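**Student:** no sequence on hand, only this structure:
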Ligand code: GAL
């Protein structure tokens with residue numbers, strides 16, 4: 001076991017080799033469950049899909065008990081027939097490995113494949129996710145079913161990819177996993193002295209004197225213990241996944257990709273998404289609105305966030321056909337909104353959109369969920385809207401294939417920082433997704449005018465050189481290595497803007513002995529004197545703006561460090577203190593913003609930062625009307641514009657340069673200098689003569 005963890009820790013440290021390139025092209029499809037329906041009805045399903053211009057289905061991810069009805073008895077003929085029938089309708093297949101839901105015979109005979117909840121209760125058969133992700137026996141079962149599938153379909157030309165499991169979510173707190181955790185810690189830290197020092201265990205509870213004392217459930221533990229537990233969960237999901245990748249790779253054609261669909265609306269923080277997707281060919285996620293309507297800025301940010309996991313285009317493996325069944329109110333999206341959502345994801349780098357699910361489930365936990373055809377197999381009202389999207393994709397596929405969004409501005413995000421703040425938010429108002437959005441929304445608006453996107457990347461792994469401006473809204477953990485990378489970026493001519501709470505912790509989630517931003521204090525020539533949780537808004541001097549949630553008083557330590565903003569009068573500890581400082585370093589600069597300004601002031605600050613950094617391209621539109629989103633994908637000399645009107649009334653966009661319409665609200669194609677979009681309207685244009 002010791003050896004195993006040494007290998008897992010090594011795996012985490014090396015860059016993975018990916019066999020297959022991500023799929024090119026543009027896919028539209030759905031999750032299809034042929035095993036739930038009489039075979040005689042499959043052809044009608046596929047005919048309706050083909051009529052809607054679908055070209056992909058995902059199958060199999062919950063079908064283990066159909067694939068292996070009894071231990072060691074594999075029945076895959078039905079799947080082969082389903083794949084062949086889909087191919088007859090020009091529909092390719094992604095096979096989901098069924099490892100999210102083991103069959104009842106397995107959990108009954110081998111209860112150790114079941115996971116244990118944190119409260120000590122063993123999970124039971126009945127739903128999904130009942131398995132134990134760390135169980136060696138379960139992993140052997142997974143490897144065998146995956147091998148059976150891969151031997152059968154690994155070279156089937158109609159199978160284009162593989163999805164491992166489904167939305168990795170629940171860890172296990174059983175005794176065997178606890179022992180594994182202790183072995184993992186021993187492999188990582190070597191001695192208990194090292195572990196106690198890293199966790200500063202003598203600052204709180206007494207130090208551990210035996211490995212067996214370290215609990216798997218870190219609740220109530222210190223910050224170092226909490227963080228290391230997340231690292232273990234990440235490593236365990238990664239090895240759970242690798243167990244299947246290692247079976248698939250040698251058995252499947254290099255053209256077939258391997259992915260997993262990430263749930264939790266992309267934002268879940270159970271484990272590190274950068275680390276887990278590093279071993280995959282393609283990132284994919286499940287983009288649901290749930291209650292209410294599309295929050296365009298947030299969904300744009302989440303799609304950019306997903307694109308940043310592997311820094312390449314991605315798939316939306318699941319999205320809702322207008323409604324879900326798990327929100328407090330499962331309202332239907334407006335007419336046109338389902339299509340607008342799909343185009344938004346494509347505009348931000350999705351190369352596939354698959355609806356969940358094709359047909360209303362007769363029973364089970366998914367009853368009532370949005371679908372495209374009803375329990376009778378006939379189209380529901382949203383079918384026509386999705387078929388329209390299918391026609392759009394037919395009209396744009398050739399032009400869009402191979403293009404991606406491009407960015408000169410990056411926002412930095414990493415899980416250690418996310419976790420460190422979430423373990424100890426200090427104020428319940430500190431919602432990191434909202435903080436990220438406060439920085440992202442103005443930056444996206446600034447960038448889109450020039451035809452650029454905003455990347456969201458992990459600075460520990462992403463190359464930074466290509467960016468002009470990097471903004472780090474919540475980089476709480478900055479290791480010495482990362483600090484060196486950031487300083488090198490700045491010296492080389494890049495511009496770095498740090499947000500509040502930056503550089504407070506080291507990689508063990510211990511406080512740095514220097515004040516914030518820790519290892520960047522010297523380069524910044526300034527530091528944080530104290531941080532404050534705010535219970536109301538405070539003024540920013542010399543502006544009409546205010547800030548809320550969090551404020552830090554800053555000081556400039558070097559004469560070369562300028563104070564950019566100060567807190568206004570009447571703020572007690574903060575009055576007159578520096579709120580933002582900035583220093584030129586090498587050919588670039590570092591700035592530190594110690595608070596969260598309101599939207600107008602934030603927009604001013606981001607505009608200035610982007611302008612000073614030379615991160616803005618000349619406008620490609622005359623101005624972006626309120627509620628309209630301009631997404632741009634490029635490749636070589638090609639430039640594709642996706643214009644989406646998220647507002648509830650008509651908007652007109654004046655274009656600069658000459659464009660050819662591929663998709664327009666009135667169906668017209670040809671040259672265009674302006675486009676009028678109704679509410680939820682979409683237009684796709686290609687620049688004439690290249691960019
Ligand atoms: C996803 C899951 C799907 C389905 C869907 C319903 O999280 O992967 O299998 O349950 O939710 O919205």
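**Tutor:** Everything's here; your move. Everything numeric here is computed off the predicted structure, so don't read it as measured data.
**Student:** only C-alpha atoms from now on, for both contacts and neighbour counts.
**Tutor:** Fine.
**Student:** and the residue in the stretch 301-450 of the chain positioned nearest to the ligand, what does it touch?
**Tutor:** Using CA to the nearest ligand atom, the closest approach of the stretch 301-450 of the chain to the ligand is made by residue 324 at 5.4 Å. Contacts for residue 324 (CA atoms under 8 Å, 6 or more residues apart in numbering) come out as 288, 290, 330, 368, 369, 370.
**Student:** same check, this time on residue 288
**Tutor:** With contacts defined as CA under 8 Å, 6+ apart, the neighbours of residue 288 are 265, 318, 319, 320, 324.
**Student:** farthest pair in the residues you listed?
**Tutor:** 265 and 324 (13.1 Å; CA to CA).
**Student:** tell me which two in the contacts of residue 324 are the farthest apart.
**Tutor:** 288 and 368 (15.3 Å).
**Student:** returning to what we had before: from the contacts of residue 324, which land in helices?
**Tutor:** Assigned to helices by DSSP state H, none of those qualify.
**Student:** most surrounded residue in these?
**Tutor:** Ranked by neighbour count (other CA atoms under 10 Å), these have residue 370 at the top, with 27 neighbours.
**Student:** so which bits of the stretch 301-450 of the chain are right by the ligand?
**Tutor:** Listed as neighbours of the ligand in the stretch 301-450 of the chain under the rule CA under 6 Å from any ligand atom: residue 324.
**Student:** just the helices in the stretch 301-450 of the chain please.
**Tutor:** Assigned by DSSP state H, counting those that start in this stretch, the helices in the stretch 301-450 of the chain fall at 337-347, 382-400, 415-423, 432-449.
**Student:** summarise which helices and strands the third one is packed against.
**Tutor:** Helix 415-423 is packed against helix 223-251, with contacts defined by 3 or more CA pairs under 8 Å, 6 or more residues apart in numbering; DSSP states H and E.
**Student:** may I see the buried residues of the helix it packs on?
**Tutor:** Of all the residues in helix 223-251, those buried under the rule 16 or more other CA atoms under 10 Å are 223-245, 247-249, 251.
**Student:** and what of stretch 361-380?
**Tutor:** By neighbour count on 16+ other CA under 10 Å, the buried set for stretch 361-380 is 361, 368, 369, 370, 371, 372, 373, 374, 377, 379, 380.
**Student:** got a markdown table for these, with distance to residue 499 and pLDDT too?
**Tutor:** Putting the buried residues of stretch 361-380 into a markdown table (distance: CA to CA, whole Å; pLDDT from 0 to 100) gives the following:
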| residue | distance to residue 499 | pLDDT |
| --- | --- | --- |
| 361 | 47 | 91 |
| 368 | 43 | 95 |
| 369 | 40 | 96 |
| 370 | 40 | 97 |
| 371 | 42 | 98 |
| 372 | 44 | 98 |
| 373 | 47 | 98 |
| 374 | 49 | 97 |
| 377 | 52 | 97 |
| 379 | 49 | 98 |
| 380 | 47 | 98 |
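**Student:** looking at these, which is nearest residue 303?
**Tutor:** Nearest to residue 303, judged by CA to CA, of these is residue 370 at 21.6 Å.
**Student:** what helices and strands are in contact with the lengthiest strand in the chain?
**Tutor:** Identified as the longest strand of the chain according to DSSP state E is strand 651-663. If contacts are counted by 3+ CA pairs under 8 Å, 6+ apart, strand 651-663 sits against helix 382-400, strand 670-677, strand 682-687.
**Student:** quick one: contacts of it?
**Tutor:** Outside of strand 651-663, the residues within contact range by CA under 8 Å, 6+ apart are 392, 395-396, 619-625, 628, 645, 668-679, 682-688.
**Student:** now, of those residues, which are buried?
**Tutor:** The neighbour-count test (16+ other CA under 10 Å) marks 392, 396, 619-621, 623-624, 628, 645, 672, 675-679, 682-688 as buried among the contacts of strand 651-663.
**Student:** which stretches in the stretch 401-550 of the chain count as strands?
**Tutor:** Under the criterion DSSP state E, counting those that start in this stretch, the stretch 401-550 of the chain contains strands at 407-412, 453-457, 469-472, 495-498, 526-533, 538-539, 546-556.
**Student:** around the ligand, pick out the residues from the stretch 101-250 of the chain.
**Tutor:** Residues of the stretch 101-250 of the chain lying near the ligand by CA under 6 Å from any ligand atom: 166, 167.
**Student:** give me the below-cutoff pLDDT ranges for the stretch 101-250 of the chain.
**Tutor:** Scanning the stretch 101-250 of the chain with the threshold set as pLDDT under 70 gives 202, 204-205.
**Student:** repeat that with 90
**Tutor:** By pLDDT under 90, the low-scoring segments of the stretch 101-250 of the chain are 126-127, 199-206, 220-221.
**Student:** same deal with the stretch 451-600 of the chain?
**Tutor:** Flagging of the stretch 451-600 of the chain using pLDDT under 90 yields the residue ranges 474, 569-571.
**Student:** and the residue of it that's closest to the ligand?
**Tutor:** The minimum distance from the stretch 451-600 of the chain to the ligand, using CA to the nearest ligand atom, falls at residue 456 (23.2 Å).
**Student:** so that residue makes contact with residue 413?
**Tutor:** Yes. Under the contact definition of CA atoms under 8 Å, residue 456 touches residue 413, with a separation of 6.5 Å.
**Student:** residue 428 - how many residues pack around it?
**Tutor:** Around residue 428 there are 10 other residues, counting by other CA under 10 Å.
**Student:** for residue 103, which non-adjacent residue is closest in space?
**Tutor:** Setting aside the residues directly before and after it, residue 103 is nearest to residue 65 in space (CA to CA, 6 or more residues apart in numbering), at 4.9 Å.
**Student:** touching, that neighbour and residue 99? I think so.
**Tutor:** No. Using CA under 8 Å, residue 65 is not in contact with residue 99; the gap is 10.5 Å.
**Student:** ok, the two, which is more surrounded?
**Tutor:** Set side by side, residue 65 and residue 99 show unequal neighbour counts under other CA under 10 Å, the larger going to residue 99 at 27 against 18.
**Student:** how much space between the more buried one and residue 365?
**Tutor:** 18 Å (CA to CA, to the nearest Å).
**Student:** hmm, back to that, what's the angle from the longest strand of the chain to helix 382-400?
**Tutor:** Angle, strand 651-663 to helix 382-400, by axes from the mean of the first three to the mean of the last three CA atoms, to 10 degrees: 70 degrees.
**Student:** what comes up buried for strand 651-663?
**Tutor:** Those would be 651, 653, 654, 655, 658, 659, 660, 661, 662, 663, for strand 651-663 by 16+ other CA under 10 Å.
**Student:** state the number of residues packed around the closest residue to residue 541 other than its chain neighbours.
**Tutor:** Leaving out its chain neighbours, the residue that sits closest to residue 541 by CA to CA, 6+ apart is residue 568, at 4.1 Å. For residue 568, the number of neighbouring residues by other CA under 10 Å comes to 21.
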